[in-house]
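S.K.: Below are the sequence and a predicted model; questions follow.
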Amino acid sequence: MIDQTRLPNEVVWIECRTTEEVAEAIEALRVRGAPAIGVAAGYALALAALNSSARDRDGWRSDLDRAAARLRQTRPTAVSLFRALDHVLQAADAADSVADGQRRVLAASEALAHQDRRVNEQIGLHGAALIPARAHILTHCNTGALATVEHGTALGIIRTAHRQGKQIHVWVDETRPALQGARLTAWELLAAGIPHTIIVDGLAAFLMRRGEIDLVIVGADRIAANGDVANKVGTYSLAVLARAHGLPFYVAAPLSTVDPQIERGVDIPLEERSPDEVRTIRGIPVAPAASPALNLAFDVTPAELVTAIVTEAGIARAPYNRSLAELAAAAVHEESVSRP
Ligand code: MRU
């Protein structure tokens with residue numbers, strides 16, 4: 001994987017050979033973004049499956065449980081992490097020997113990666129229909145190829161719209177404290193040749209006031225059944241601002257981001273990271289080391305501020321309880337029909 005903490009200054013590929021190395025990479029944000037975290041966790045279980053020294057199936061299966069428990073500790077908010085682990089463990093359950101299990105686990109983690117590619121292309125096509133022929137789009141954090149396996153979700157929509165010949169300009173929120181916007185989204189947009197401008201997070205309101213933003217589009221880490229959206233801290237402020245300025249506020253995410261177990265956004269677990277990430281920028285102190293700092297990595301945007309949620313199965317609009325459940329049911333049906 002690319003070590004995202006080194007971007008944009010250096011493109012460094014790291015090779016993870018153990019579950020622990022992947023767990024560390026997730027915790028340190030070397031790999032980040034909900035879908036990418038999920039796929040990395042799937043492959044981390046595959047590493048556990050291949051590295052296990054257990055000879056019998058039960059011992060091997062216990063090694064997988066231990067590896068999954070470690071991975072579940074890494075980051076709490078993105079539900080794709082937990083879904084990926086459950087998916088791969090389920091594949092392991094069907095095995096009748098260690099060798100059979102290793103094959104099944106590797107195939108299950110590869111399937112997660114393939115599915116992410118497919119889903120993002122579909123999100124891109126559905127979402128691009130919402131983008132006018134000329135648009136100034138504000139986005140937050142990084143939801144691109146780096147945050148997924150390929151293409152991206154919110155940024156995937158922007159890529160698709162650009163590919164369709166639409167005149168797109170992207171306002172890129174720098175996204176303090178880890179600067180995923182300034183470092184990663186800008187790097188991706190530059191590589192794709194998509195016009196963009198980086199702004200400090202605090203400028204969004206005034207640009208909206210001046211009529212320089214047409215719409216906001218962001219990703220999601222977990223969506224409650226009622227449509228409340230957990231995403232990178234600062235997302236809620238943008239939704240409030242969009243409402244105040246009469247602008248559409250779109251969320252793009254795979255249906256697997258919707259957590260039907262969680263009714264409302266208040267119940268979504270939100271990660272709190274080290275205060276040092278706030279007191280420093282890229283390791284350089286910018287605040288008194290003794291001042292307390294709060295580093296909540298995500299916030300929750302209430303569903304009533306979300307204009308639409310773009311998924312691979314189509315576009316959901318309020319009331320989300322119903323529209324999200326309908327899209328999920330349609331997607332399951334399509335999958336069962338297309339499977340031989
Ligand atoms: O802390 P991060 O960088 O993992 O947070 C990422 C986000 O908040 C993204 O918007 C979200 O995971 C969707 S990525 C397609």
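M.R.: Received the coordinates, thanks. Numbers count the residues shown, from 1 in each chain.
S.K.: wait, isn't A91 in contact with R103?
M.R.: No: assessed by Cβ atoms under 8 Å, A91 is found out of contact with R103, at 9.5 Å. The C-beta positions use only the backbone N, C-alpha and C, and glycine is treated the same way.
S.K.: more neighbours, these two?
M.R.: A91 (22 against 14; other Cβ atoms under 10 Å).
S.K.: That one belongs to a strand, doesn't it?
M.R.: No: under DSSP: H, G, I helix; E, B strand; the rest coil, A91 falls outside any strand and is assigned helix.
S.K.: separation between it and D56?
M.R.: 18 Å (Cβ to Cβ, to the nearest Å).
S.K.: For the stretch 101-250 of the chain, just list every one of the helices.
M.R.: 154-163, 186-192, 204-209, 235-244 (DSSP state H, counting those that start in this stretch).
S.K.: Highest mean neighbour count out of the ones you listed?
M.R.: The highest mean neighbour count among those, using mean count of other Cβ atoms under 10 Å, belongs to helix 154-163: a mean of 26.
S.K.: hmm, back to that, export the helices of the stretch 101-250 of the chain to JSON lines and tack on distance to I309?
M.R.: Below are these laid out as JSON lines (distance: least, Cβ to Cβ, whole Å):
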{"stretch": "helix 154-163", "distance to I309": "11"}
{"stretch": "helix 186-192", "distance to I309": "22"}
{"stretch": "helix 204-209", "distance to I309": "21"}
{"stretch": "helix 235-244", "distance to I309": "12"}
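S.K.: W13 is nearest to which of the ones you listed?
M.R.: Of all the helices of the stretch 101-250 of the chain, helix 186-192 sits nearest to W13, with 15.0 Å by Cβ to Cβ.
S.K.: Tell me which residues touch A113, please.
M.R.: V39, G42, Y43, V149 (Cβ atoms under 8 Å, 6 or more residues apart in numbering).
S.K.: Can I get the residues you listed in JSON lines including pLDDT?
M.R.: Output for these, formatted as JSON lines (pLDDT from 0 to 100):
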{"residue": "V39", "pLDDT": "98"}
{"residue": "G42", "pLDDT": "98"}
{"residue": "Y43", "pLDDT": "98"}
{"residue": "V149", "pLDDT": "98"}
